[in-house]
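>>> Next one to model:
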Amino acid sequence: MSIPSLASVSLRDRAAVVGLDCEYRGGERKFTFGEIDARSDRLASVLASRGLAAGDRLAFYLVNRLEIIDLWLACAKLGIIVVPINVLYRDREIRHILDDAAPTAVVTTAAQIAEFPVGTNCWIVDELDAEAESAPREMITTTLGDDTPAALVYTSGTTGPAKGAILTHGNFAANAKSLVHEWRITSADRYLAVLPLFHVHGLGNGLHSWLASGCHMRLLERFDRATMVREFDAYQPTLFFAVPTIYHRLLECDADTALRLGGHTRLFVSGSAPLPAHVLEAFHSAFGHVILERYGMTETLMNCSNPYDGERRAGSVGPVLPHVELRVRDESGAELPNGTLGELWVRGPNVCAGYWKRADATAAAFVKGWFCTGDIGARADDGYVTLHGRRSDLIISGGFNIYPREIEELLLEQPGVEEAAVIGVADEARGEVPVAYIVSAAPLDEAQLRAALAAQLASFKAPRAFVRVDALPRTALGKVQKHLLPRWAP
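This next block holds a predicted model:
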């Protein structure tokens with residue numbers, strides 16, 4: 001199934017989307033699904049007239065705006081491969097993606113051209129939009145299949161240069177159909193979209209669930225705590241997808257506001273980073289909803305989800321989705337029994353076709369059709385999966401395995417600890433030792449922290465040091481970039 005065919009069930013005269021006009025803040029533009037379809041057809045004509053054809057790459061470097069939807073659908077119809085670029089990226093990161101993906105052009109704004117190396121072929125989004133308004137609407141007959149590449153989405157590069165995951169039409173379609181079914185998304189829903197469309201959370205889950213269900217969407221440039229209550233009250237969404245840091249900010253609402261916002265919202269979903277148990281519990285108490293946590297990756301879109309009906313278990317990402325197979329394996333690839341920690345391997349129509357121009361990385365990540373996620377986890381007898389961090393985060397101290405997330409979650413339960421990250425630091429005697437980086441409003445009581453951890457963890461898991469920092473370095477979607485933490489020395 002292709003992305004255009006996925007959307008065809010929604011392309012009718014029903015109201016589809018309303019979004020803030022990013023050029024003139026505060027203005028709004030509204031379109032039906034039929035108008036969105038026509039806009040993308042006309043833009044496709046413009047792209048074709050500029051020489052783009054199936055298999056070519058076209059990048060965009062934009063904050064959320066309605067033109068991204070036009071661009072995405074136009075490229076999908078032509079078989080053009082879209083390369084989203086994180087708007088927080090700067091010279092080194094941008095150059096890497098441009099060199100690797102070699103896009104024909106980058107769609108951006110006039111103000112953002114300065115972010116790109118001299119000589120980059122930049123197309124101004126407003127000029128494209130104006131050209132498309134007067135372009136003919138033509139029938140597009142590109143042959144598309146499940147395995148037709150739709151996007152190169154670059155990993156966050158937390159452990160090395162970012163790799164471009166080749167996501168196909170079939171990947172996006174299978175993922176959307178599964179989420180619409182599992183999360184009971186219908187045309188009656190109202191989706192408040194605040195996540196960036198350059199990331200698979202906002203693009204792969206949010207945008208495609210909208211397309212596949214025919215629900216209504218309000219697209220915002222970004223999450224803004226100062227205006228979010230007003231947005232919730234005005235739009236009264238039934239669906240809200242976010243990352244843990246957003247839910248943490250929403251907990252700043254007073255009790256009456258929280259209950260009011262929760263009163264008309266049917267489903268809150270969290271992903272892209274672990275959701276602390278205390279945030280889930282506090283949100284339930286304040287908003288009257290248990291946030292649905294799920295697990296996915298750039299390379300696989302969604303793998304697991306807590307159920308819509310049934311227990312949404314704190315600390316778990318739920319069972320695998322119906323279209324996904326999952327195994328827990330040891331370092332040799334042997335399958336492990338339930339309850340045992342190991343690397344999660346997955347396969348299904350959601351898994352990418354490999355890495356762009358990286359045969360070595362593709363060969364290392366795929367074993368006999370299974371994708372080795374690099375995530376460490378365990379599956380309970382009832383199928384619920386828990387994550388314990390990345391394989392690359394594993395700390396081996398004196399021959400013992402230490403999973404940072406176990407320590408981080410316990411630290412987050414301690415009074416005054418707002419955020420926590422644990423990494424391994426080289427040690428002459430033990431090989432590595434854990435060091436904890438903590439964000440807190442007040443100075444740390446190290447003795448109290450050590451006592452709390454000693455009561456619940458083995459002694460070899462105790463952090464060698466507690467380092468107080470102002471903030472943890474994070475990606476645009478809230479994932480901690482541990483390699484950017486300040487170096488600790490004894």
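>>> Next up, identify which helix or strand Y295 is on.
Here Y295 is covered by strand 292-297, with elements defined by DSSP states H and E.
>>> Give me the buried positions along that strand.
By neighbour count on 16 or more other C-beta atoms under 10 Å, the buried set for strand 292-297 is 292-297. (C-beta placed from N, C-alpha, C; glycine too.)
>>> nearest to Q448, of the residues you listed?
Distance to Q448 across the buried residues of strand 292-297 (C-beta to C-beta) is lowest for E293, with 29.2 Å.
>>> who's in contact with that closest one?
Residues near E293 by C-beta atoms under 8 Å, 6 or more residues apart in numbering: 269-271, 275, 280, 306, 312, 316-318.
>>> what does V385 give?
295, 304, 316-320, 326, 344, 377-379.
>>> So which of the residues you listed is the closest to L195?
For the contacts of V385, the closest approach to L195 (C-beta to C-beta) belongs to Y295, at 16.2 Å.
>>> can you redo the buried residues of strand 292-297 as a markdown table with distance to R42?
What follows is the buried residues of strand 292-297, written out as a markdown table (distance: C-beta to C-beta, whole Å):
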| residue | distance to R42 |
| --- | --- |
| L292 | 38 |
| E293 | 40 |
| R294 | 36 |
| Y295 | 38 |
| G296 | 33 |
| M297 | 35 |
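>>> what's the closest of those to Q456?
Nearest to Q456 out of these is E293 (C-beta to C-beta; 22.6 Å).
>>> May I have the phi/psi pair for S316?
For S316, the backbone dihedrals (degrees, to the nearest 10) come out as phi -120, psi 150.
>>> since we're on it, how many residues are nearby?
Using other C-beta atoms under 10 Å, S316 has 22 neighbouring residues.
>>> Enumerate every residue touching the spatially closest residue to it that is not a sequence neighbour.
Computed as C-beta to C-beta, 6 or more residues apart in numbering, the closest residue to S316 that is not its neighbour in sequence is Y384, at 4.5 Å. Each residue near Y384 by C-beta under 8 Å, 6+ apart is listed here: 313, 316-319.
>>> Return a PyMOL selection command for the buried portion of those residues.
Applying 16+ other C-beta under 10 Å to the contacts of Y384 leaves a buried subset, and the PyMOL line that selects it is:
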select buried, resi 313+316+317+318+319
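>>> Looking at the contacts of Y384, which are in strands?
Among the contacts of Y384, no residue falls in strands (DSSP state E).
>>> what's the closest of the contacts of Y384 to L477?
Distance to L477, by C-beta to C-beta, is smallest for V317 among these, at 15.8 Å.
>>> Phi, psi for that closest one please.
Per degrees, to the nearest 10, the backbone of V317 is at phi -100, psi 10.
>>> Would you mind stating the distance between it and L62?
30 Å (C-beta to C-beta, to the nearest Å).
>>> again with A48
21 Å.
>>> go on, A53?
For A53, the distance to L62 (C-beta to C-beta) stands at 23 Å.
>>> List the buried residues in stretch 120-133.
If you call a residue buried by 16+ other C-beta under 10 Å, then stretch 120-133 has these buried ones: 120, 122-123, 125, 128-129, 131-132.
>>> Take the residues you listed and keep only those in strands.
122-123.
>>> so which of the buried residues of stretch 120-133 comes closest to R222?
Distance to R222 across the buried residues of stretch 120-133 (C-beta to C-beta) is lowest for V125, with 16.9 Å.
>>> Return the residues in contact with the closest one.
60, 62, 65, 67, 71, 107-109.
>>> Could I get the pLDDT score of it?
What the model reports as pLDDT for V125 is 96.
>>> quick one, strands of the stretch 1-150 of the chain?
Per DSSP state E, counting those that start in this stretch, the stretch 1-150 of the chain carries strands over the ranges 15-20, 28-32, 57-60, 81-84, 105-108, 122-124, 149-154.
>>> Which one of these lies nearest to V194?
Of all the strands of the stretch 1-150 of the chain, it is strand 15-20 that lies closest to V194, at 11.2 Å by C-beta to C-beta.
>>> For the closest one, the averaged confidence score.
Per-region confidence: strand 15-20 scores 67 on mean pLDDT.
>>> related to what we said a few turns ago, which of A53 and L62 has more neighbours?
Counted by other C-beta under 10 Å, A53 and L62 do not tie: L62 has more neighbours, with 23 against 12.
>>> need the contact list for the closest residue in space to that one that isn't next to it in sequence.
Spatial nearest neighbour of L62, chain neighbours left out: I68 (5.8 Å); criterion: C-beta to C-beta, 6+ apart. Taking C-beta under 8 Å, 6+ apart, we find I68 in contact with 60, 62, 197.
>>> how close does the closest residue to A314 other than its chain neighbours sit to S316?
Excluding the flanking residues, the one nearest A314 by C-beta to C-beta, 6+ apart is A277, at 4.3 Å. With distances taken as C-beta to C-beta, A277 is found 10 Å from S316.
>>> same thing with R230?
Relative to S316, and taking C-beta to C-beta, R230 is found at 34 Å.
>>> Report the separation between L197 and S178.
Remark: distance between L197 and S178 (C-beta to C-beta) = 20 Å.
>>> what does A193 give?
Separation of A193 from S178 (C-beta to C-beta) stands at 19 Å.
>>> cool, F240 as well?
Distance from F240 to S178, by C-beta to C-beta: 19 Å.
>>> quick one: which of those two has more around it?
The neighbour comparison of F240 against S178 (other C-beta under 10 Å) goes to F240, with 26 against 22.
>>> any idea which element that one lies in?
Using DSSP H and E, F240 sits within strand 239-242.
>>> Give the partner strands of that strand in its sheet and their orientations.
Here strand 239-242 has these sheet partners by DSSP bridges: strand 190-193 (parallel), strand 267-270 (parallel).
>>> Now do that strand: everything it contacts.
Outside of strand 239-242, the residues within contact range by C-beta under 8 Å, 6+ apart are 185, 189-195, 201-202, 205-206, 209, 215, 223, 265-271.
>>> what about 7 Å?
With contacts defined as C-beta atoms under 7 Å, 6 or more residues apart in numbering, strand 239-242 is touched by 185, 189-192, 194-195, 201, 205-206, 265-270.
>>> Any stretches of the stretch 151-300 of the chain with poor pLDDT?
Judged by pLDDT under 70, the stretch 151-300 of the chain has its weakly predicted residues at 156-160.
>>> That one: helices as residue ranges?
169-182, 200, 208-213, 225-235, 244-250, 255-264, 277-287 (DSSP state H, counting those that start in this stretch).
>>> Quickly list what I124 is bridged to.
Going by DSSP bridges, I124 forms beta bridges with T108.
>>> how close does it get to G55?
Distance of I124 to G55, given as C-beta to C-beta: 24 Å.
>>> and if you look at E67?
Distance of E67 to G55, computed by C-beta to C-beta: 23 Å.
>>> Tell me how the chain divides into domains.
By the assignment in automatic domain parsing, the chain contains the domains 3-222, 292-390, 394-484.
>>> and L259, which of those domains is closest to it?
With C-beta to C-beta as the yardstick, what comes closest out of these is domain 3-222 (17.6 Å).
>>> Ends of that closest one, what's the gap?
25 Å (C-alpha to C-alpha, to the nearest Å).
>>> Next: stretch 345-363.
14 Å.
>>> Mind telling me what element the residue of the chain positioned farthest from its centre is part of?
Distance to the chain centre peaks in the chain at A429, reaching 38.9 Å (criterion: C-alpha atoms, centre = their mean). Using DSSP H and E, A429 maps to neither a helix nor a strand.
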